[in-house]
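> Just to be clear, the model below is a prediction. Sequence and coordinates:
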Amino acid sequence: MTTNGPTAKLTADLEDLAHRLVVALRLEAAPIAITFSNHAGDAPPFGAVSPPPNGAGRTGAVPAGCVFWMKATERSFSTGASDHANCSVGSYTHGWIDFATAAAGDDVAAVLASGWVDEAAMKELPHVRVRPQSVTYGPLAGCDAIPDVVLVRIDGLGLMGLQGAIRDLRIEGRPQCHIVALATQRTIAASLGCALSRARTGMPPEQMTCAIPGHRLREVVDRLEATVALDRAMGSYAANDAKRFRD
């Protein structure tokens, strides 16, 4: 990593923004950066050995791409299509495969057969429009370039702050991974999570996710800090007022 000049300044700026996000949202997990590339990733490969394929031939480096969100708080790494391939839904939303290929997967067949989602909803899922050659994940604080997406794991209080700060915030449901695709399309989106992702990642029940387009990060942090300051002032007022009702 360059240690002086514009790159060093950008790295310092992103580290500062990451810190401000942690403080404003009271994050337990560090914000992560996600970058889609049309070339091999700049970070080291993820490096995991995939388990033997299941009966339908499906496997990958992790159970689903959302697992990389958990790993990326610790280190930066690059991934390819095969790393994501165990989850056909995530492979589709991240642009690795087209809908027809995803729909042919045994995991998508199980999802459709259960009624968890229907085919029409699957077809309408936001997805990355240009197939990447690599996707790089890592801590936002260690970035030396503006990422495509910043992803944070938030609680209900954090979602309240974000909804107050960002008037065009979209709040989404299942599957959770499509908020990353929305963020690549300039939309700030939060997800309540989904059963598949929670089971695969072990994400705590009280946590949700929000995906922020990298180019909107400073705007979001500035607005969020102002909103959170007002929320805390109102909370302090209400707490003091409530003291009159205590025995």
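It's in. Fair warning: this is a prediction, and the values are worked out from it, not measured in the lab. Residues are numbered from 1 along each chain as shown.
> Surely W69 touches T201?
Yes: at 6.9 Å, W69 and T201 qualify as touching, with contact defined as CB atoms under 8 Å. In short, each C-beta sits where N, CA and C put it, glycine included.
> and the spatially most central residue of the chain, backbone torsions?
By CA atoms, centre = their mean, the chain has its centre lying nearest to L151, at 3.7 Å. Taking degrees, to the nearest 10, you get phi -120, psi 130 for the backbone angles of L151.
> Next, the contact list for it, please.
Each residue near L151 by CB atoms under 8 Å, 6 or more residues apart in numbering is listed here: P31, I32, A33, I34, W69, V180, A183, T209, C210, A211, I212.
> Include secondary structure when you put those residues into TSV, please.
As requested, these are arranged in TSV below (DSSP: H, G, I helix; E, B strand; the rest coil):
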residue	secondary structure
P31	coil
I32	strand
A33	strand
I34	strand
W69	helix
V180	helix
A183	helix
T209	strand
C210	strand
A211	strand
I212	strand
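> Test my guess that V149 contacts P213.
Yes: assessed by CB under 8 Å, V149 is found in contact with P213 at 6.7 Å.
> between those two, who's got more neighbours?
Taking neighbours as other CB atoms under 10 Å, V149 and P213 compare with V149 leading, 24 against 21.
> Just want the phi and psi numbers for the more buried one.
Main-chain torsions, V149, degrees, to the nearest 10: phi -140, psi 140.
> contacting residues for it?
V149 touches A33, I34, T35, V180, A183, T184, A211, I212, P213, G214, counting by CB under 8 Å, 6+ apart.
> I'm done for today, thanks for sticking with me.
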